[in-house]
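Asks: Provided below are the primary sequence and the corresponding predicted coordinates.
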Amino acid sequence: MTQSATPAFARSADERVDWIHNLPFFVLHFIPLFALVTGVTRFDVALCVALYVARMFFITAGYHRYFSHRAYKMGRLMQFVMAFGGATAAQKGPLWWAAHHRHHHKHSDTQEDIHSPLKGFWWSHVGWIVCRKYQATDLNAIKDFAKYPELRWLDKYYLVPPIMLGVACFAIGGWSALVTGFFLSTVLTYHGTFVINSLAHVIGRRRYVTTDTSRNSFVLALITLGEGWHNNHHHYQSSARQGFRWWQVDLTFYCLKLLQLFRIVWDVREPPEHIKAAAGERQPLA
C-alpha cells in the first residue's frame, strides 16, 4: 500500500491547512525549545513522563474505548472525570473526538474516511485536524453522550482543562516544569496519539481479514498503552481489550481491569474466544 495521495483520494479545498486558526497549535511545538533557557530538572522529566502516560490513558481509555466505542460502563461522575482527563491532552473535546472516530470506523480507508493514510502521511497524521472541514462536532454521530450537558460544556470549552493543568505545572515547578513537564508532554501525547492514524494502517502485521488496512504493531502498542493492536481493534471494535493474546501488551486494558476491581468501572468487554480464533491472514512487516 502506498502512503501517497492518489486522484481517487485527492483532498478538497476545505481540507487544506488553515494556518491562521491553527497557529497556536504549530507554535506550541516550538515551546519545549525554551528548555534550553529554563533548564531541565529530574522533577521536570518525571512530570513529563507522568503526564504523557496519564493523558495517553485518558485518551485511550476515555476518548477512544469509552466515548467512541462504549466498551465498558461507568457512572456519570467518573464519566466526566474521564472526559476532563482526556481534554487535558488538548485534543479538543470528548464529543468532537469520539464523533470523528466513529466516522472513521464507519468509512475506514474509503474516500469518506477523514484520516485515511491513502491521502498521505501528513494528512492522516495531522493534516485533517488543522483544516477547516472537521472543526465542528457532529452531535448526531454522538447522540448517546451529547445528551449530557456537562459533556457538551466540556466539548465547547475544551481548552479549560489543559490551561488548568498548565497553571498547576507552573505553580508546582515554575517555568521549567511548565515548558518540559506540560508543553513537551503535550506535544509527545499529540504525536503518540496521531501515529495510530498515520502508521497503524501502514506498518505491522494483519492477523484478521478486515475491510480496511489496519495492522498490529508491538512498538505502536507500547507508545500508546495498547492502541497499536489496531487490526484486532478493527476486527472487534466493541472490546475494551485490544491486545487479544497474553503477549500483546495492553496497559490501558490492565488499568481498566484494576478499576473494575474497585467498581469504578464495570462490564469491561473482552473479545469472545470465537472472535479471537477467527480465520485471518498474516502479512509481513510493511
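Replies: Nice, I can see it.
Asks: next, the residue lying farthest from the centre of the chain: secondary structure please.
Replies: The C-alpha centroid of the chain is most remote from Val37, which lies 31.2 Å away (C-alpha atoms, centre = their mean). Three-state call for Val37 (DSSP: H, G, I helix; E, B strand; the rest coil): helix.
Asks: thought His105 was touching Ser116, still the case?
Replies: No - applying C-beta atoms under 8 Å, one finds Ser116 not in contact with His105, separated by 11.9 Å. C-beta here means a position set from N, CA and C on the backbone, and glycine is covered the same way.
Asks: what about the residue lying closest to Asp138 once chain neighbours are set aside, neighbour count?
Replies: Distance criterion C-beta to C-beta, 6 or more residues apart in numbering; nearest residue to Asp138, sequence neighbours excluded, is Ala99 at 4.6 Å. Using other C-beta atoms under 10 Å, Ala99 has 24 other residues around it.
Asks: what's near enough to touch Ala99?
Replies: Listed by C-beta atoms under 8 Å, 6 or more residues apart in numbering, the contact partners of Ala99 are 137-139, 141-142.
Asks: ok, of those, which one's closest to Tyr190?
Replies: Of all the contacts of Ala99, Thr137 has the smallest distance to Tyr190: 19.2 Å, by C-beta to C-beta.
Asks: what sits against that closest one?
Replies: Counting by C-beta under 8 Å, 6+ apart, Thr137 makes contact with 93, 95-96, 99, 155.
Asks: how confident was the prediction at it?
Replies: Per-residue pLDDT puts Thr137 at 96.
Asks: for it, which three-state class applies?
Replies: Thr137 carries the three-state label coil when classified by three-state DSSP.
Asks: can you read off the backbone torsions of it?
Replies: Phi and psi for Thr137, reported as degrees, to the nearest 10, are phi -90, psi 120.
Asks: spatially nearest residue to it, not counting backbone neighbours?
Replies: Nearest one to Thr137, counting by C-beta to C-beta, 6+ apart, is Trp96 at 4.3 Å.
Asks: what is the burial count for Phe183?
Replies: Residues lying near Phe183 (other C-beta under 10 Å) number 23.
Asks: tell me the pLDDT at the residue lying closest to it once chain neighbours are set aside?
Replies: Once flanking residues are discounted, Phe183 sits nearest to Ile31: 4.4 Å by C-beta to C-beta, 6+ apart. If you check Ile31, the pLDDT there is 98.
Asks: most widely separated two among the contacts of Ala99?
Replies: Top of the distance list for these (C-beta to C-beta): Thr137 and Ala141, 8.5 Å.
Asks: follow-up on the earlier one: distance to Gln237 for the contacts of Ala99 - can I get that in CSV?
Replies: Listed next are the contacts of Ala99 as CSV, based on distance: C-beta to C-beta, whole Å:
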residue, distance to Gln237
Thr137, 21
Asp138, 18
Leu139, 21
Ala141, 15
Ile142, 15
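Asks: make a PyMOL selection of the buried ones in those residues.
Replies: Buried residues within the contacts of Ala99, by 16 or more other C-beta atoms under 10 Å, are selected in PyMOL with:
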select buried, resi 137+141+142
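Asks: one step back: now flag whichever of the contacts of Thr137 is closest to Gly75.
Replies: For the contacts of Thr137, the residue nearest Gly75 by C-beta to C-beta is Leu95; the value is 18.5 Å.
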